[in-house]
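J.: fold the following and give me the result.
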Amino acid sequence: MKLLICLGNPGEKYSHTRHNMGFMFADLLAQKLGCVFSMETKLKSSIAKGIYNGEAIWIIKPQTYMNLSGEALLALRNFYKSGVENFMLVYDDISLDLGIIRFKSKGSAGGHNGVKSIIQYAKTDVFDRIKIGIGPQPPFLKSEYFVLQNFDSSSEQLLKETLDRAVEAFFYYCDNNIYKVQNKYN
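T.: Numbering: from 1, shown residues only. Reported below is the predicted structural model:
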């Protein structure tokens, strides 16, 4: 089973913001797998369960807001007791331009509070990740304001292409391993 924890903020207000790149990825992946999200209150998440090449794929959108994303991971671990040790995290990265994706197998939070919360509750920074670029950030705008801005209409085509490429790369990851996907997509 593959668990994908995709970071974002719940609610229509945030649905098209840069910080919701993880949720946008989750929605596209669920669409491609033909599965739908349902709210799992006890798990503090909205979850879609699909199958790819005979393997279960759980797509998890924490409903705790970005800075408390680790609480959803803790709820999953407490409920299932096992099988939640290995997961992949999908999130936005302000240091990468829109159109760029990066796969990593470990690392710091890099200033991302959602990732910081996941690392805190996971008690490790060793887990696979898909980082999806949302930059460049204008130098005059603080990051906390930039990430909560909607994508503008001039970015729509590149946004769609980026998400399509990230989902394609995820399927390649499922068929291979993190090192092969890094060689092909990073």
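J.: next one: stretch 71-81 to chain centre, how far?
T.: 17 Å (CA atoms, centre = their mean, to the nearest Å).
J.: pull the residues that contact that stretch.
T.: 3, 5, 42-45, 60, 62-64, 84, 87, 117-118, 121-122 (CB atoms under 8 Å, 6 or more residues apart in numbering). Heads up, the C-betas are built off the backbone N, CA and C, glycines and all.
J.: now the spatially most central residue of the chain: how far from residue 152?
T.: The centroid of the chain falls nearest to residue 90 when counting by CA atoms, centre = their mean (2.1 Å). Remark: distance between residue 90 and residue 152 (CB to CB, to the nearest Å) = 23 Å.
J.: so who does the residue nearest to the centre of the chain touch?
T.: 4, 5, 6, 7, 21, 22, 25, 26, 129, 130, 132, 166.
J.: can you tell me which of these are in helices?
T.: Of the contacts of residue 90, the ones assigned to helices by DSSP state H are 21, 22, 25, 26, 166.
J.: out of the residues you listed, flag the one nearest to residue 174.
T.: Using CB to CB, residue 166 comes nearest to residue 174 of these, at 13.0 Å.
J.: ok, that closest one touching residue 129?
T.: No - Residue 166 lies out of contact with residue 129 (CB atoms under 8 Å); the separation is 11.6 Å.
J.: tell me the pLDDT of residue 21.
T.: Model confidence at residue 21, given as pLDDT, is 98.
J.: what's the neighbour count on it?
T.: 29 (other CB atoms under 10 Å).
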